[in-house]
Each structure stands twice: as C-alpha cells, then as structure tokens.
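Participant: next input, structure requested:
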Amino acid sequence: MEALNENTFSHRKFVSLGILFTLVILVATAILIQVFEAIENDFFIHFFTVIHIFNGLAFTILAVLHAKINWKVIMAYFQSKDLSISKEAVCAFWFMAAAILSGILFVFTFLV
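Facilitator: Residues are numbered from 1 along each chain as shown. Have a look, this model is predicted:
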C-alpha cells in the first residue's frame, strides 16, 4: 500500500475550510455592520458591507462546489433505506421554514 503524498492538494479540504472561513467572516461582518449602523459611521458600514457581499459570493461558490463534490452523500441524507424522505431532511426543512417565517414576521411587525 502506498503512502499518500502530503503535498497533494485536496479539493475537498479546500472547499470545506473555505466554507468555514467565509462563514466566520460573514458572521463577523454582519455583526460589525450592525454595530457601525448604531453609531452611524457610514464609511465602516460601506466597508464591511462590501466585504460581506464579496464573502457571500465566495460562500455561495464554495457551497455549490461542496454540493458537487458531495452529491451522492447529500442525496443519501434525503433518503432512508425504504426510499422515503428522511426525518432529518423534514426537520431541516421545517427549521429553515421557521427561520424564514420569523424574518418575515419581524419585518412586518417592527419595520413596516
């Protein structure tokens, strides 16, 4: 059995770590945008908004690559052994739907 070459570039590791790093930057810049909005500093609002937008684009590209690399595994998550939709997929869907509904209710309750 051959030893793996430690110098080879792993696309899977690159994409996974890239998603992690961009997620950290997205969360940090979202918080910083809110802080600088509160103190009304337009330069830093624009600065962190641009960083946030470009990191969001990078996150989206990396997420698509992640889905492409892991497509078979992702499809396995959606199906249980009897070819029905898994409980985890249903729970993840309802969690996402609740988050979207909460955002909509927040906007119409406090901002309109």
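
Participant: what does stretch 60-80 contact?
Facilitator: Contact with stretch 60-80 is made by 11-12, 15-16, 18-19, 22, 85-89, as judged by C-beta atoms under 8 Å, 6 or more residues apart in numbering. All C-beta spots, glycine's among them, are computed from the backbone N, C-alpha and C.

Participant: of those residues, grab the buried ones for ChimeraX.
Facilitator: Per 16 or more other C-beta atoms under 10 Å, the buried members of those correspond to this ChimeraX selection:
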select :15,16,18,19,22
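
Participant: CSV for the contacts of stretch 60-80, including secondary structure?
Facilitator: What follows is the contacts of stretch 60-80, written out as CSV (DSSP: H, G, I helix; E, B strand; the rest coil):
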residue, secondary structure
11, helix
12, helix
15, helix
16, helix
18, helix
19, helix
22, helix
85, strand
86, coil
87, helix
88, helix
89, helix
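
Participant: out of the contacts of stretch 60-80, who's nearest residue 111?
Facilitator: residue 22 (27.6 Å; C-beta to C-beta).

Participant: could you list the domains of the protein?
Facilitator: Following automatic domain parsing, the chain resolves into domains at 11-69, 78-112.

Participant: show the pLDDT at residue 14.
Facilitator: Looking at residue 14, its pLDDT stands at 93.

Participant: where's it, which helix or strand?
Facilitator: Per DSSP states H and E: residue 14 is located in helix 11-38.

Participant: how about the contacts of stretch 60-80, which pair is most distant?
Facilitator: Within the contacts of stretch 60-80, two members stand farthest from each other by C-beta to C-beta: 11 and 87, at 31.2 Å.
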